[in-house]
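J.: need a 3D model of the sequence below.
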Amino acid sequence: MHLFPSAGGGGTGNLLPNKTWIGVVGDIVYQKADLGMICGLTASRAKVVSFSFPVGSDRLLFMGHEPSVYFTWKAVYRPLTYLSWLFIIFSSAITLIIYIGLLKISKESILYSQMTYYIFTTFVEQSRDTNFSTRGSVRYLAGFWLFFVLLVTTAYRSKLISFLMFPETSTFPTNMAQLSESEMHIGLHHLQGIAFEILKSSENSAYKKVYDKMKLITSDFECVEKALVNDKFVCIIWNTILNFRLQRNLSDTFGRAPVIKSASHITFVYHSFVTEIHCVFQKELAELANWSFDSGLVPKWWDNDRAFILNERKEWLTSENKSWPSYEDKSNDRLTTAHVSGPFFILCLGLGVSSLVFLGEKMVYWFSMNKRKLGHENK
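T.: Residues are numbered from 1 along each chain as shown. Here you go, the predicted structure:
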């Protein structure tokens, strides 16, 4: 038996505009091969070749690098939504206005700056004594305000812990609709077969957008490797080819690789042997394929093939004195500056605000001193 890749770049069968076949189907039709393996049992192929019982299945999907982890100072405000922050600021301003109004009605003297300071410091549990008024209305308002602050700060702190300790991850599309709307660069492992034809002829709007954006890549290694080194690139590829390439070139010694696959597949096809129509051993081949599938031999053969590939790769790396890639999780429980970048940002913001307030106070003091000095000179 002599094994060789199909004509036309390894595809399983594609009908050209001049009505000639390439791929496995073309090899069978033009008697370049007696037996072939294809994926995709289509009506057009059934007119020129004979299929055996399906011996496996495959799904067309897209893959990329697993989501990247990143830390940001924005974790300090992300526990609450923008609308929640807006409501808190609005509630604080309304409460401050009501406070000042009640104190004016009661004719009690208190500086506006003291009231503003009180409203702000209650959020950090550093407020001054609330015995600045003997009016019952003011005291009731203060009590309900403190209860409001207690609920808001408790909810904020409970969420803040997870946002500071656990980093955010980049998003990865789960289906073709999300992929079509994303900013991802798209590559298709092009075998001149069913994968390309599905995307080309589909009436689905998402598939059309993906088809317009994608680039054709004939090398499966190039397509997969590009997705592994570029977070903004995805490769559309058959799952079987992807698993083979990962085991062959890109996985670590345990068969792991930082790969994420789409949650939904683009299409689903069966693997089948093909022969020319009315082949003399067609019946025996169909029975062999049927028995192999029903007895569970096919999945076992796939597992043995992956183990064989890993062993071959191990021997080659040893002979070339090369090491396996490592994809181990290098994280630990210690907090780094990336985890606490948010608090440092808040501290720097506070220092900036304090500096501006200090300069404002100095300017007010300087203007008041100049005004007083001019008054003495006029006298």
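
J.: what packs against the lowest-mean-pLDDT helix or strand in the chain?
T.: Across the helices and strands of the chain, mean confidence by mean pLDDT, DSSP states H and E is lowest for strand 69-70: a mean of 72. Contact partners of strand 69-70 among helices and strands, from 3 or more C-beta pairs under 8 Å, 6 or more residues apart in numbering; DSSP states H and E: strand 168-169. Any C-beta I mention is one placed from the backbone N, CA and C, and that applies to glycine too.

J.: grab the longest helix from the chain for me.
T.: The longest helix of the chain (DSSP state H) is helix 341-378.

J.: returning to what we had before: next, the buried residues of the next helix or strand after the least confident helix or strand of the chain.
T.: Next in sequence after strand 69-70, counting helices and strands by DSSP states H and E, comes helix 82-105. Under the neighbour-count criterion of 16 or more other C-beta atoms under 10 Å, helix 82-105 has 88, 92, 95, 96, 99, 102, 103 buried.

J.: distance of the fifth one relative to residue 357?
T.: Same thing as residue 99. Applying C-beta to C-beta, to the nearest Å, the value for residue 99 to residue 357 is 21 Å.

J.: again with the first one
T.: Counting by C-beta to C-beta, the separation of residue 88 from residue 357 is 22 Å.

J.: about what we covered before: got the contact list for the least confident helix or strand of the chain?
T.: 167, 168, 169, 170 (C-beta atoms under 8 Å, 6 or more residues apart in numbering).

J.: who's the second one bridged to?
T.: Listed beta-bridge partners, residue 168: residue 70 (assigned using DSSP bridges).

J.: neighbours of it, how many?
T.: Here the count is done by other C-beta atoms under 10 Å, and residue 168 has 15 residues near it.

J.: now the strands for the stretch 151-300 of the chain?
T.: Assigned strands in the stretch 151-300 of the chain, in chain order: 168-169, 185-189, 215-217, 233-238, 259-261, 267-276 (criterion: DSSP state E, counting those that start in this stretch).

J.: which one of those lies nearest to residue 196?
T.: strand 185-189 (6.6 Å; C-beta to C-beta).

J.: from the contact counts, what lies against that closest one?
T.: On a contact count with 3+ C-beta pairs under 8 Å, 6+ apart, strand 185-189 meets helix 194-201, helix 205-213, strand 215-217, helix 220-229, strand 233-238.

J.: which elements pack onto the last one?
T.: Using 3+ C-beta pairs under 8 Å, 6+ apart as the contact criterion, the secondary-structure elements in contact with strand 233-238 are strand 56-65, strand 185-189, helix 194-201, helix 220-229.

J.: do the longest one as well
T.: With contacts defined as 3+ C-beta pairs under 8 Å, 6+ apart, helix 220-229 has these neighbours: strand 56-65, strand 185-189, strand 233-238, helix 239-245.

J.: just put the ones you listed in a markdown table and tack on mean pLDDT.
T.: Output for the helices and strands packed on helix 220-229, formatted as a markdown table (pLDDT from 0 to 100):
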| stretch | mean pLDDT |
| --- | --- |
| strand 56-65 | 88 |
| strand 185-189 | 93 |
| strand 233-238 | 92 |
| helix 239-245 | 87 |
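
J.: quick one: which of those is nearest residue 40?
T.: Residue 40 lies closest, by C-beta to C-beta, to one member of the helices and strands packed on helix 220-229: strand 56-65, at 8.9 Å.

J.: so which of the helices and strands packed on strand 233-238 comes closest to residue 151?
T.: It is, among the helices and strands packed on strand 233-238 and with distance given as C-beta to C-beta, strand 56-65, at 41.4 Å.

J.: contact partners for the closest residue to residue 248 other than its chain neighbours?
T.: Excluding the flanking residues, the one nearest residue 248 by C-beta to C-beta, 6 or more residues apart in numbering is residue 309, at 5.3 Å. Residues counted as contacts of residue 309 (C-beta under 8 Å, 6+ apart) are 244, 247, 248.

J.: element containing residue 309?
T.: Short version, using DSSP H and E: residue 309 is in helix 297-319.

J.: chain center to that helix, what's the gap?
T.: 31 Å (C-alpha atoms, centre = their mean, to the nearest Å).

J.: with only the CA atoms kept, save it in PDB.
T.: C-alpha atoms of helix 297-319 as PDB (Å, rounded to 0.1, in the frame of the first residue of the first chain):
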ATOM      1  CA  LEU A 297     -11.800   0.600  17.400                       C
ATOM      2  CA  VAL A 298     -11.900   4.000  15.600                       C
ATOM      3  CA  PRO A 299     -11.600   6.100  18.700                       C
ATOM      4  CA  LYS A 300      -8.900   3.700  20.000                       C
ATOM      5  CA  TRP A 301      -7.000   4.200  16.700                       C
ATOM      6  CA  TRP A 302      -7.200   8.000  17.100                       C
ATOM      7  CA  ASP A 303      -5.800   7.700  20.700                       C
ATOM      8  CA  ASN A 304      -3.000   5.400  19.500                       C
ATOM      9  CA  ASP A 305      -2.100   7.800  16.700                       C
ATOM     10  CA  ARG A 306      -1.800  10.800  19.100                       C
ATOM     11  CA  ALA A 307       0.400   8.700  21.400                       C
ATOM     12  CA  PHE A 308       2.500   7.700  18.500                       C
ATOM     13  CA  ILE A 309       2.900  11.300  17.400                       C
ATOM     14  CA  LEU A 310       4.000  12.400  20.900                       C
ATOM     15  CA  ASN A 311       6.500   9.600  21.100                       C
ATOM     16  CA  GLU A 312       8.000  10.500  17.700                       C
ATOM     17  CA  ARG A 313       8.200  14.100  18.700                       C
ATOM     18  CA  LYS A 314       9.900  13.100  22.000                       C
ATOM     19  CA  GLU A 315      12.500  11.100  20.200                       C
ATOM     20  CA  TRP A 316      13.200  14.000  17.700                       C
ATOM     21  CA  LEU A 317      13.500  16.600  20.500                       C
ATOM     22  CA  THR A 318      15.900  14.300  22.300                       C
ATOM     23  CA  SER A 319      18.100  13.700  19.200                       C
END
